[in-house]
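Q: can't give you the sequence, but here's the structure:
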DNA sequence: AATATTATTTGCAATATGCAAGTATCTAGC
DNA sequence: GCTAGATACTTGCATATTGCAAATAATATT
């Protein structure tokens, strides 16, 4: 049986995660980190800075600066919370929504293409296994995963 | 069934790939990219710069600079090839070998801990599925995978 | 021998990162 | 009600990283 670590090494590099840039939407370059931020803002309902940074396990200062960048790029909007003036609620602009959708589509297209090399049973097995893996990792007591 | 993209998003962030730094071995901080370079040098037999950069799908100039850094850190050694003076063969120093082993151990320990949350059948299924996924991705005709 | 190609490095300009410290707001305790 | 402590986020600081374009040296092709 194949060495476990090798499998995850190959997976990481095939995801393109060793390069800073992720995708170009129109003339905008989006990095991996930005892509994840945009995705999470889109997914959560009216999330605060801290919520998104915690979800992504990112350093808050780096996160704050990335948000600044995304605001400048007009992809993200920050709105002070009514209940607590320290808290900012994040949302996507129309442009941000467009970028999120574009990334989503190209990722799903890629996944569909990859899965097209498998039969139906294999597809379901792989999906279920990733679910299983994600769940097992969420149960891990190790505070930060050294899986890079 | 769970959205495919969501599964891979969660997987990426659980691997800790959204943070630059990967691990600390003694007083040395190793980034994700460096970790992959060290791993690949350790794995291949007398690899050249280009071979490793190609394997990792990294830009050669960024790669060259990372190697310079690893040489300065005394983890990697560059030796001109006898057959072709343009080519440099990469190898790990004793220190580099130690760092590679340390990373390997902590990754395998983590994986063992994660897999301990599964039964034997689930373990084998997950392993097989990652193999399948890696293979399917290698067959993909998409030149660069937008999976960030 | 001259020219084209290749392996790697460097110039350049821009961008990213995380620890420490700062600012404004909220909460807890008196 | 007031104040000290805690919290959410930002900024200072110093350093690190990235990728396109160009350069240099070695090899291959004509």
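A: Received, thanks. None of the values given here were measured: they were computed from a predicted structure.

Q: if I pick residue A:123, what's in contact with it?
A: In this structure, residue A:123 makes contact with residue A:115, judged by Cβ atoms under 8 Å, 6 or more residues apart in numbering or on different chains. Heads up, the C-betas are built off the backbone N, CA and C, glycines and all.

Q: Let me know the helix or strand that it is in.
A: Take DSSP states H and E as the rule and residue A:123 turns out to sit in helix A:120-139.

Q: Which pLDDT value belongs to the residue most central in space within chain A?
A: When chain A is reduced to its mean C-alpha position, the closest residue under Cα atoms, centre = their mean turns out to be residue A:36, at 2.6 Å. We have a pLDDT of 95 for residue A:36.

Q: The helix or strand of chain A with the lowest mean pLDDT - contacts with which helices or strands?
A: Taking all helices and strands of chain A together, the one with the lowest average confidence (mean pLDDT, DSSP states H and E) is strand A:21-25, at a mean of 85. Using 3 or more Cβ pairs under 8 Å, 6 or more residues apart in numbering or on different chains; DSSP states H and E as the contact criterion, the neighbours of strand A:21-25 among helices and strands are strand A:28-31, helix A:32-43, helix A:94-115.

Q: Where does pLDDT dip in chain A?
A: Scanning chain A with the threshold set as pLDDT under 70 gives A:1-2, A:141-146.

Q: Can you pull the residues of it lying near DNA strand C?
A: For chain A, the contact set with DNA strand C under Cβ under 7 Å from any atom of the strand comprises A:20, A:31, A:33-34, A:58-59, A:61-62, A:65-66, A:69, A:83-86.

Q: out of the residues you listed, which touch chain B?
A: A:31, A:33, A:58, A:59 (Cβ under 8 Å from any Cβ of the partner chain).

Q: Hmm, the last one is touching residue B:19, no?
A: Yes. Because the distance of 7.2 Å satisfies Cβ atoms under 8 Å, residue A:59 is recorded as touching residue B:19.

Q: More neighbours: which of those two?
A: Just comparing residue A:59 and residue B:19: by other Cβ atoms under 10 Å in any protein chain shown the higher neighbour count belongs to residue B:19, 17 against 14.

Q: quick one: terminal-to-terminal distance for stretch A:80-96?
A: Separation of the first and last residues of stretch A:80-96 by Cα to Cα, to the nearest Å is 19 Å.
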